[in-house]
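Q: give me a model of this one.
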Amino acid sequence: MDEEEADRSKSFLDFGEKPSFFPKPLENKPSLPPLTTRWLLRKLRSDIWNNLNELNRKKDMVCLVLSYPPFNSRNNETHRGWILDVLEITHKVRESFHKLKKEEYVSELSSEIDSLFHHSIHELEAFIPVEITEEMPRRSWFPWDTKPRSAILDLCVDDFMIRQILQCIQIPGIRRIMISEATDETFLCRLKKLPPVRQMFDIVIHINVIPCLELDYIEDRIIEELGFSKSSGGKADEFLRTHNFLILLHYFFPSNINLLDLGNGWWNSDKNQKIALTGIKVNPKVLASTIISDFDVPADLEIRREDHLLLWNLFCRNVGEVVHSLSIQTLAVDVWRQCCGHFLATVLIARALKDVKDVSIWQHASRAIGFLSTTSHSTEDRILLNALAFVLGKLGSAANKCLKYCASYLEMEGTHNVNLLERWMKEDLIGTLDEGEEIVQWLVNAVLLESFQNGESIKMPDEVRKGLVKFYEAEMNPILLVELDGRGLMEAPKSEAWEEASEMYLMSNRISKLPDNPNCPLLCALFLQGNLHLRVISPSFFQCMPILQILNLSQTKIKSLPQSLFKLVQLRKFILRSCELLKELPAEIGDLCHLEVLDLEETEITKLPITVGKLTNSTSLKVSFYLPANGNRKNNPSNRIIPQNVISRLIQLEELSIGVNPEDERWNATIKDILRELFCLNRLHFLKLQLLEVFPLKDLRNLSWMHFKFIVGNYLKRIISRMPHESAIKFEEEESCLKYVNGVGIPTEIKEVFQHATAFFLNCHLTATSLSEFGVKTIKNLKFCVLQECNVIEAIVNANDADDGDFILQSLEYLSVHYMKSLRSIWKGRSLGSSLFFLKVLALYSCPKLTTILLSI
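A: Okay, the predicted model is just below:
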């Protein structure tokens, strides 16, 4: 290997000399002469402020990296103490500049700032390659652009930002958090609804401040949101001082308002009190001059959306140009997503896939990293162990033995290469020094070892060592995946495969018969969904599967469940979706005491047994009920769809979905109890219900805390079928959906739910003349709207009664209109500012009288 190639293959975990990850303070600054002019003092303050901005950028990047595993699981008290020191010096500088303190004090601040730059972040810099460390400190840095970038932003970056926010709001000194480049208001809605946020704060307020150009106006909006009048500001201040609060401000523009002056009378050091805000997205070329130069450090912490593409950047650069291949792009995104933002796992997998063009290897990597182990490892440990398993599977036998030796015996501080090779030879792990040198280079390229001291010495990263120790401990219980999905199999595997398998992937085949009583001592997951010829399962089939945790029988033709299934006491996920011939759920379901997920949607089950209430570990329950063959039953206890007090016993429930036939009269009585029992479910964050009438909506509370999908009215599936397939899919993907069908008038309950919806489907409304009647002037979150067969509507929006400051449907991105025979215009009346500002798609179908699309809004 020549020197140039060796340099290219050098591990990114290089602890040798390299440019610093973060900017250094200005060096060799001339000493300040005695204060003779105001100009000199102003110059000193300018230099201090520039250095302070750089120091805060370093602090922001440290906070970002510390939010990712494996760093977030470390004892980071040293870094946390340094972060608090940076916040303190920032406060001192701000205060001294405001009070125009004299030169000697300002000079002392300069020395303190310089000393804070020397805080050691060596173990963080080691995980970032040189070319990125030089780019990231720049305010205008944007990660390497790749074709699937928009998909990545949508799928993962929000999760990474949420994780960082949840970690940083636990640091007492961080009160104000600026979330840059997060223009979607649903981001703050999601943050507001998270269970950890609900547990940490007594009060959570979410306000769109795009029309607010003055500080007093924002404070008035907050006061009104609390239920106080503007004239009672003192009471509101006292109320906030005595509570843990989180105030979320959307579309805050820091060049107009000084965030540091907001809520000066609210803070109480004994309380957990935070303000988080999203800023208007600014052109990168003016970002520095607008937000940094002309404005005080805007917050205690800045979280930039683009910064969280760091791991995608790392992944792409380690994989190489193959990531641009059309056949690889989708798989690359999937593999990267399944790493869940684990720094080391991401780079390990990327290095193992470097320049790999074989699609089957990428598919194997995707399955390997997502493997669900039966052990009690945390998610972060599981991901790292899976990554190590994949990487070690690509190494030869000799390299694996040498690596295992290093994990057990190599000194923490490392050793000289020659010394290590001699020890390997003494242990008969290698035959020659040349073989050993080749193995060392393989392990360095794989990021399992680090080369330092100009390549003369070698050591193992601490996190790699910890992961390998756990991996070798688990090696005593090897994992075997049987992957036979989608192959058109008509017969199940032979008994030998069942005996050795840890996971069986048999979905989407033509299997009609399973073994009578397979011996599966190691089986933890069995996937049989999509076997449309499977009608009967032997009564003893599950008899010898003692550790089975995941069972998927969806889209099979089974009519009943065998008794041996209810002996699976370790079962955690049981999926029966779209088993259209399954009519009854046996009472023995209550014996599955560890069950967490039960999915019975689109089955022909007519009611739930009372024993479902024993599934107290359940976090997700999804069920749809079939109308009994004897038609509508009267409301008596024996014929209830869900027995009383079953739902209220499931106190761990996070997701609840109940579907019914609109002609089933039993639901009208059951729904009243269901709504009452929901108050016992403090962890619930997703609710899907069908309501035949409007009045039950008044019993729903805390919709701002959860995601929901509500159907109100006499809804039949054929209605949605008239909507284009693409629209139907997009609608279901939204977080909070309201379908209002065959309505008359605009009930108050519908308006209240509408305020929290991100998607709205209005079908066959009999009296509404425009969408404005539903209160669109105050709608903040609506992104997706479908109107269909509302034959009285003549205009979607009627702006004639709107005020000058109104911004109508300001978040709407998708508007689809179908079969509206009286519709004449989309917008009626005068134009209003930023109304429909984010509209991307306007789809029109069969509107024969439509003459006006949009004015210049």
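Q: all helices for the stretch 51-200 of the chain, in order.
A: 77-99, 103-116, 122-125, 130-135, 149-152, 158-168, 186-193, 195-200 (DSSP state H, counting those that start in this stretch).
Q: among the ones you listed, which is nearest V323?
A: helix 149-152 (11.1 Å; C-beta to C-beta). Quick note: C-beta positions are derived from backbone N, CA and C, even for glycine.
Q: for the closest one, what is the average pLDDT?
A: Per-residue pLDDT over helix 149-152 has a mean of 47.
Q: how about the helices in the stretch 601-750 of the chain?
A: Listed in chain order, the helices of the stretch 601-750 of the chain (DSSP H, counting those that start in this stretch) span residues 646-649, 666-677, 717-721, 725-733, 748-754.
Q: include mean pLDDT, distance to E584 and mean neighbour count when you put the ones you listed into a markdown table, please.
A: Output for the helices of the stretch 601-750 of the chain, formatted as a markdown table (pLDDT from 0 to 100; distance: least, C-beta to C-beta, whole Å; neighbours: other C-beta atoms under 10 Å):
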| stretch | mean pLDDT | distance to E584 | mean neighbour count |
| --- | --- | --- | --- |
| helix 646-649 | 93 | 16 | 20 |
| helix 666-677 | 86 | 16 | 18 |
| helix 717-721 | 50 | 23 | 12 |
| helix 725-733 | 76 | 28 | 14 |
| helix 748-754 | 89 | 34 | 18 |
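Q: and W266, which of those helices is closest to it?
A: So among those, helix 748-754 is nearest, using C-beta to C-beta, at 28.5 Å.
Q: re earlier: could you save the helices of the stretch 601-750 of the chain as TSV and add columns showing distance to L259?
A: Below are the helices of the stretch 601-750 of the chain laid out as TSV (distance: least, C-beta to C-beta, whole Å):
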stretch	distance to L259
helix 646-649	43
helix 666-677	41
helix 717-721	45
helix 725-733	34
helix 748-754	32
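Q: with K828 as the reference, name the closest of those helices.
A: helix 748-754 (19.8 Å).
Q: check which helices and strands the helix or strand just after the closest one is in contact with.
A: Next along the chain after helix 748-754, taking DSSP states H and E as the criterion, comes strand 759-763. Applying 3 or more C-beta pairs under 8 Å, 6 or more residues apart in numbering; DSSP states H and E, one finds that strand 759-763 contacts strand 737-741, strand 784-788.
Q: out of those strands, nearest to Q543?
A: Q543 lies closest to strand 737-741 among the helices and strands packed on strand 759-763, at 42.7 Å (C-beta to C-beta).
Q: what angle separates that closest one from strand 759-763?
A: Orientation note: strand 737-741 sits at an angle of 10 degrees relative to strand 759-763 (axes from the mean of the first three to the mean of the last three C-alpha atoms, to 10 degrees).
Q: can you dump the C-alpha coordinates of strand 737-741 into CSV?
A: Provided in CSV are the C-alpha atoms of strand 737-741 (Å, rounded to 0.1, in the frame of the first residue of the first chain):
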residue,chain,number,x,y,z
CYS,A,737,-56.6,14.0,11.2
LEU,A,738,-60.3,14.9,11.3
LYS,A,739,-62.8,13.5,8.8
TYR,A,740,-66.3,15.1,9.1
VAL,A,741,-68.9,13.3,7.0
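Q: just want the angle from it to helix 725-733.
A: On the basis of the same axes, to 10 degrees, strand 737-741 is oriented at 120 degrees to helix 725-733.
Q: mean neighbour count added to the helices and strands packed on strand 759-763, as a markdown table?
A: Below are these laid out as a markdown table (neighbours: other C-beta atoms under 10 Å):
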| stretch | mean neighbour count |
| --- | --- |
| strand 737-741 | 22 |
| strand 784-788 | 23 |
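Q: what would those look like in CSV with distance to S397 and mean pLDDT?
A: CSV is the format used below for the helices and strands packed on strand 759-763 (distance: least, C-beta to C-beta, whole Å; pLDDT from 0 to 100):
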stretch, distance to S397, mean pLDDT
strand 737-741, 55, 93
strand 784-788, 55, 92
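Q: mind putting these into TSV with distance to S115?
A: Formatted as TSV, the helices and strands packed on strand 759-763 follow (distance: least, C-beta to C-beta, whole Å):
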stretch	distance to S115
strand 737-741	54
strand 784-788	53
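Q: show me the one of these that comes nearest L116.
A: Nearest of those to L116, taken as C-beta to C-beta: strand 784-788 at 47.3 Å.
Q: doesn't E483 make contact with A497?
A: No: using C-beta atoms under 8 Å, A497 is not in contact with E483; the gap is 11.0 Å.
Q: the residue nearest to R487 when sequence neighbours are not counted sits in which helix or strand?
A: Ranked by C-beta to C-beta, 6 or more residues apart in numbering and with sequence neighbours excluded, the top spatial neighbour of R487 is N509, at 6.2 Å. If you go by DSSP H and E, N509 is not part of any helix or strand.
Q: quick one: residues contacting N509.
A: Neighbouring residues of N509 by C-beta atoms under 8 Å, 6 or more residues apart in numbering: L484, D485, G486, R487, G488, L489, M490, G530, N531.
Q: by pLDDT, rank those residues and give me the bottom one.
A: Across the set of those, D485 stands lowest in pLDDT, at 76.
Q: a strand runs through that one, doesn't it?
A: No: assessed with DSSP: H, G, I helix; E, B strand; the rest coil, D485 is coil; it does not lie in a strand.
Q: go ahead and confirm it touches E503.
A: No: counting by C-beta under 8 Å, D485 sits too far from E503 to count as a contact (10.9 Å).
Q: between these two, which is the more surrounded one?
A: A direct count of neighbours by other C-beta atoms under 10 Å for D485 and E503 places E503 higher, at 21 against 16.
Q: who does the closest residue to the more buried one other than its chain neighbours bridge with?
A: Closest residue to E503 apart from its sequence neighbours, by C-beta to C-beta, 6+ apart: A525 at 4.4 Å. As for beta bridges, A525 partners with E503, I550 under DSSP bridges.
Q: related to what we said a few turns ago, closest one to G829 among the helices of the stretch 51-200 of the chain?
A: By C-beta to C-beta (comparing all of these), the closest turns out to be helix 186-193, at 27.7 Å.
Q: what angle separates the closest one from helix 158-168?
A: Angle, helix 186-193 to helix 158-168, by the same axes, to 10 degrees: 50 degrees.
Q: elements contacting helix 186-193?
A: The helices and strands touching helix 186-193, judged by 3+ C-beta pairs under 8 Å, 6+ apart, are helix 158-168, strand 203-208, strand 245-252, strand 273-279.
Q: in the helix or strand following the shortest one, what's buried?
A: Remark: after strand 203-208, the chain's next helix or strand is helix 215-225, criterion DSSP H and E. For helix 215-225, a neighbour-count test (16 or more other C-beta atoms under 10 Å) marks I218, E219, D220, R221, I222, I223 as buried.
Q: wait, the first one sits on L249?
A: Okay, so that is I218. Yes: counting by C-beta under 8 Å, I218 does reach L249; the two are 7.0 Å apart.
Q: shared neighbours, those two?
A: Here I218 and L249 share the contacting residues I207, V209, scored by C-beta under 8 Å, 6+ apart.
Q: now for the residue lying closest to F160 once chain neighbours are set aside, how many residues are close by?
A: Residue nearest to F160 in three dimensions, not counting chain neighbours: H308, with 4.3 Å by C-beta to C-beta, 6+ apart. Per other C-beta under 10 Å, the neighbour tally for H308 reads 25.
Q: ok, now which ones touch H308?
A: L64, V157, F160, M161, Q164.
Q: ok, it to Q170 distance?
A: Distance from H308 to Q170, counting by C-beta to C-beta, to the nearest Å: 19 Å.
Q: what count of nearby residues applies to the closest residue to L595 other than its chain neighbours?
A: Of all residues not flanking L595 in the chain, L615 sits nearest, at 5.1 Å (C-beta to C-beta, 6+ apart). By the measure other C-beta under 10 Å, the count of residues near L615 is 24.
Q: so for stretch 580-593, what gets flagged as buried?
A: Under 16+ other C-beta under 10 Å, the buried positions of stretch 580-593 are L582, L585, I589, G590, D591, L592.
Q: all set, thanks.
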